[in-house]
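A.B. asks: After the sequence you'll find the predicted model.
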Amino acid sequence: MTALPGGHLVVDAGLAARGVRLALAVGEGETVAVMGPNGAGKSTLFGLCAGLLRPDTGSVTLAGRVLADARGAWIPPHRRGVALLAQEPLLFPHLSVLENVAFAPRAAGAPRAEARAAAGRWLREVDAEELAGRRPAELSGGQAQRVAIARALAAEPRVLLLDEPFAALDVAAAPALRRLLRRVLADRTALVVTHEPLDAHLLADRVVVLESGRVAESGPTAELLDRPRSRFAAGLAGLNFVEGRAASGRTTPPGRLSVDGLGEVSGTVPDGVEPPRPGEAGVAVFRPADVALYPVPTAPGGEPGVPHGSPRNAWRGVVRELEPRGAQVRVHCGAGGHALVADLTPAAAAELDLAPGAAVVLVAKAAAVTVYGA
Ligand SMILES: Nc1ncnc2c1ncn2[C@@H]1O[C@H](COP(=O)(O)OP(=O)(O)OP(=O)(O)O)[C@@H](O)[C@H]1O
């Protein structure tokens, strides 16, 4: 088993029946956003950490203590120091808010008055003191989620697991809870499942992307969303993403990839980033706003509509779908077997008379295409 040094929470575990094999470490005080498509293994990861699932390979350890391993070691969920906050607040309906929050200290053996005093402190921590006497049925979604956070914190866990904490909230309630979590998570060890890049930016030091039961990539939030190495992360960051191999040849500049279906893609390698070596896998990433569309030339022997000048890429494609997005129209295209998107103004889209099935030329300047190793 590979050792992952320096982790407070170390998951190096798998569940064969689910096709999941994960290796990741979370430092003490670090918040990690867990992102990935449906079925990627996010819930399985939480289940392994929280003690809802037993690994059949490897182990899960927290602060050097084995929580579970494939040889049968097993610490039950309530003795792990791991609190799982589900999408729905799941409060005890028959208890008051204060009693809900006092539950964990009571279960840990605190006398009643002490547990209630602690609950009051945790409610203050989440700005929900005034809700102490209410029943869960008398709370809004945002208030109930606050109370659920206080209840999770009252157990004084060493790790907090948050499963899409804003998913069950209406949009109006989310910003206040986001601010609260930002404060609460600042110095806590936590994993947060989210589909929102904004939440990854605001709450997490690092992002781990899961795909098909594996860690596809991980890195500091801004860096990962800026220079994604997986299609999923590129999608989150709203970027076009094309995989290829660094073109070979003595005269080839480093920012050139050979891509199936698109030929040679020219781009630039960012400062401080190692260019992929000839023949090595690389990715080209570019913003939809940096893709221009032109009509396909009718006359043979040239692309008269496409301006020449600085180095640029031009690919033949077909419009698949037009998606209005505020002041822009997102044009989804297929080109050489790749799905690419361009953001145009509505006026430009109308002028080109774009409709699904229309043939177009997609143009991206080399200066706007970033190339780096995969
Ligand atoms: N109860 C289950 N029994 C068997 N296989 C399961 C079960 N739950 C999930 N799986 C499988 O395990 C794999 C990982 O699923 P998991 O639920 O961990 O993904 P996820 O990233 O949480 O997905 P989602 O975003 O849809 O919640 C998938 O292949 C899934 O089909």
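C.D. replies: That came through fine.
A.B. asks: isn't there a helix covering residue 223?
C.D. replies: Yes - Residue 223 sits within a helix when classified using DSSP: H, G, I helix; E, B strand; the rest coil.
A.B. asks: what's the spacing between it and residue 45?
C.D. replies: According to CB to CB, to the nearest Å, residue 223 and residue 45 sit 22 Å apart. C-beta here means a position set from N, CA and C on the backbone, and glycine is covered the same way.
A.B. asks: and these two? which has more neighbours close in?
C.D. replies: residue 45 (27 against 11; other CB atoms under 10 Å).
A.B. asks: OK, contacts around that one?
C.D. replies: Shown in contact with residue 45 (CB atoms under 8 Å, 6 or more residues apart in numbering): 11, 20, 22, 24, 34, 191, 210.
A.B. asks: so what's residue 135 closest to, chain neighbours aside?
C.D. replies: Nearest in space to residue 135, with sequence neighbours left out and distances taken as CB to CB, 6 or more residues apart in numbering, is residue 96 at 6.2 Å.
A.B. asks: what about the helices in the stretch 101-250 of the chain?
C.D. replies: Here the stretch 101-250 of the chain has its helices, by DSSP state H, counting those that start in this stretch, at 112-125, 141-154, 174-185, 197-203, 221-226, 231-236.
A.B. asks: Of these, flag the one that's most buried.
C.D. replies: Most buried of the helices of the stretch 101-250 of the chain by mean neighbour count (mean count of other CB atoms under 10 Å) is helix 141-154; its value is a mean of 24.
A.B. asks: Identify the residues contacting that helix?
C.D. replies: 83-86, 89-91, 97, 100-105, 118-119, 122-123, 125-128, 131, 136, 139, 160, 165, 168-170, 173-174, 176-177, 180-181, 184.
A.B. asks: Average pLDDT for it, rounded please.
C.D. replies: Average pLDDT, helix 141-154: 92.
A.B. asks: Up against the ligand, what does the stretch 101-250 of the chain have?
C.D. replies: Residues of the stretch 101-250 of the chain lying close to the ligand (CB under 6 Å from any ligand atom) are residue 213.
A.B. asks: Tell me how far stretch 112-121 lies from the chain's centre.
C.D. replies: From the chain centre to the centre of stretch 112-121 is a distance of 36 Å (CA atoms, centre = their mean, to the nearest Å).
A.B. asks: can you list the residues that contact that stretch?
C.D. replies: So stretch 112-121 is contacted by 98, 99, 100, 101, 102, 105, 106, 110, 129, 132, 150, 154 (CB under 8 Å, 6+ apart).
A.B. asks: One more: stretch 90-97?
C.D. replies: So stretch 90-97 is contacted by 99-100, 103, 123, 128, 131-137, 139, 144, 147-148, 151 (CB under 8 Å, 6+ apart).
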